[in-house]
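Sharing a sequence plus its predicted fold:
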Amino acid sequence: MEQNNFEELAHQLACPNGEQGLALGEKMNVLNGFITERSIKALEPVKGEHILEIGFGNGALSMPIIETIGSDGHFIGVEKSSVLAQQAITRFALEGLTHVTVLEGDCHLVSIENNTLNAVLAVNVIYFIDDLSKLLQKIHGWLKPGGRVVIGIRTPETLQKMAFTKFGFKMRSLDEIKNTMHDAGFINVASDYFDEGVTQFGDLALPIDTLIISSNKK
């Protein structure tokens with residue numbers, strides 16, 4: 001791929017749009033299957049909980065959470081991409097899911113009442129967040145006491161091997177993320193690492209890994 005194609009791919013990954021964005025959303029469901037599965041396992045959703053996911057794409061990978069919390073719970077999906085948000089709305093309507101809300105837009109700007117959520121999930125999102133401290137402070141406010149947050153990412157070492165990540169990706173070390181979480185008021189910050197090997201993404205062979213960072217509000 002030429003440099004301008006890598007740059008376009010980076011923009012699409014940050015906020016998929018158009019027909020290309022829809023196709024990319026489907027590809028990301030495959031590529032992100034393992035990291036999302038492990039993130040949800042770390043989140044440990046429970047029936048009746050209120051859970052918010054930032055950057056949940058077209059909603060396909062969020063179904064285990066939605067099914068687990070059931071109709072007594074409430075799932076809120078925040079998605080910056082208009083095409084993926086609309087696709088998720090259609091998906092949930094066809095499934096007849098009434099305990100789901102889709103919020104289209106920037107996660108910094110969504111209106112969530114403080115002390116109302118049991119858990120917040122963000123998978124492959126914080127590369128596109130300029131002010132992580134500000135976002136974590138917001139999440140801390142949204143959560144009830146004891147509420148959990150789980151962040152799933154690729155490590156900086158792996159991201160640096162991908163040609164498109166030099167276009168706008170914010171690469172943060174595990175220590176930097178943990179320190180920012182502590183500063184935002186989170187406790188019991190823990191992490192788990194998984195090596196996924198090499199996967200094919202179009203004509204690119206990508207080394208990928210999974211880093212799960214979990215914590216909770218005191």
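Done, it's in. Residues are numbered from 1 along each chain as shown.

And for the residue nearest to Y127 when sequence neighbours are not counted, the neighbour number?
On the basis of C-beta to C-beta, 6 or more residues apart in numbering, the spatially nearest residue to Y127 that is not a chain neighbour turns out to be F169, at 4.5 Å. Glycine gets a C-beta too; all of them are placed from N, C-alpha and C. Around F169 there are 18 other residues, counting by other C-beta atoms under 10 Å.

Go ahead and confirm F169 touches P156.
No - using C-beta atoms under 8 Å, F169 makes no contact with P156, being 9.3 Å away.

picking that back up, if I look at the residue nearest to Y127, how far off is L204?
From F169 over to L204 the distance is 15 Å, taken as C-beta to C-beta, to the nearest Å.

what about dumping the CA coordinates of stretch 154-161 to CSV?
Taking C-alpha atoms only, stretch 154-161 is exported to CSV below (Å, rounded to 0.1, in the frame of the first residue of the first chain):
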residue,chain,number,x,y,z
ARG,A,154,-2.8,-3.3,21.2
THR,A,155,0.6,-2.5,22.8
PRO,A,156,2.7,0.4,21.5
GLU,A,157,5.4,-2.1,20.4
THR,A,158,2.8,-3.8,18.2
LEU,A,159,1.2,-0.6,16.9
GLN,A,160,4.6,0.7,15.8
LYS,A,161,4.9,-2.2,13.4
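
what are the ranges of the strands in this protein?
50-54, 74-79, 100-104, 117-123, 143-153, 186-201, 204-217 (DSSP state E).

For A93, find the nearest of those strands.
strand 100-104 (9.2 Å; C-beta to C-beta).

The closest one pairs with which strands, and in what direction?
Strand pairing for strand 100-104, using DSSP bridges, gives strand 74-79 (parallel).

Next, the angle from the strand it pairs with to strand 117-123.
Taking axes from the mean of the first three to the mean of the last three C-alpha atoms, to 10 degrees, strand 74-79 and strand 117-123 form an angle of 30 degrees between their directions.

so E196 touches I208, yeah?
Yes - if you go by C-beta under 8 Å, E196 and I208 touch, sitting 4.6 Å apart.

more crowded one of those two?
A count of neighbours by other C-beta under 10 Å puts I208 above the other of E196 and I208, at 21 against 17.

so what's that one up against?
Neighbouring residues of I208 by C-beta atoms under 8 Å, 6 or more residues apart in numbering: 31, 154, 158, 196-199.
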